[in-house]
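Peer 1: next input, structure requested:
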Amino acid sequence: MLSFRLENHKSVRDEQQLLLTPAHEDARPENADWEASTVAGLFGANASGKSNVLEALVCMRDTVRWSMNNSEPGTGAGHGRAPRRT
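Peer 2: Numbering: from 1, shown residues only. Presented below is the predicted three-dimensional model:
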């Protein structure tokens, strides 16, 4: 995943984008066979929505991860529940 966009999720009203690529070309090692950064950071003031961005990422991950389980014929995605995390 090279970027993640969200909007209208909890405190995030307007579209926000989290870029997971190096900001500067010289930050990428020569001959790297990947485009994404290996580490990303979220910075912001208290109560600015950092945790809500992470929660949206978890929601997206779970939707992708469990979409086949939750999309049995006639039910469609979103009608089931993902298994409990332990």
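Peer 1: what's near enough to touch the most centrally placed residue in the chain?
Peer 2: Centrality entry for the chain: nearest residue to the mean C-alpha point is Leu57, 2.9 Å, by Cα atoms, centre = their mean. Residues in contact with Leu57 (Cβ atoms under 8 Å, 6 or more residues apart in numbering) are Phe4, Leu18. C-betas here are computed from N, CA, C, even on glycine.
Peer 1: what do you get for Gln17?
Peer 2: For Gln17, the contact set (Cβ under 8 Å, 6+ apart) comprises Ser3, Phe4, Arg5.
Peer 1: count of residues packed around the second one?
Peer 2: Read it as Phe4. Residues within reach of Phe4, counting by other Cβ atoms under 10 Å, total 15.
Peer 1: follow-up on the earlier one: ok, the residue nearest to the centre of the chain to Gln16 distance?
Peer 2: Going from Leu57 to Gln16 by Cβ to Cβ, to the nearest Å gives 12 Å.
Peer 1: please apply the same query to Pro22.
Peer 2: Distance, Pro22 to Gln16, by Cβ to Cβ: 19 Å.
Peer 1: from the contacts of Gln17, pick the one nearest Asn31.
Peer 2: Ser3 (23.3 Å; Cβ to Cβ).
Peer 1: tell me where this protein has helices.
Peer 2: Remark: helices assigned in the chain by DSSP state H are 50-66.
Peer 1: let me see the contact set for Met60.
Peer 2: Neighbours of Met60 in contact, by Cβ under 8 Å, 6+ apart: Phe4.
Peer 1: any stretches of the chain with poor pLDDT?
Peer 2: 70-86 (pLDDT under 70).
Peer 1: tell me where it has strands.
Peer 2: Remark: strands assigned in the chain by DSSP state E are 3-6, 16-19.
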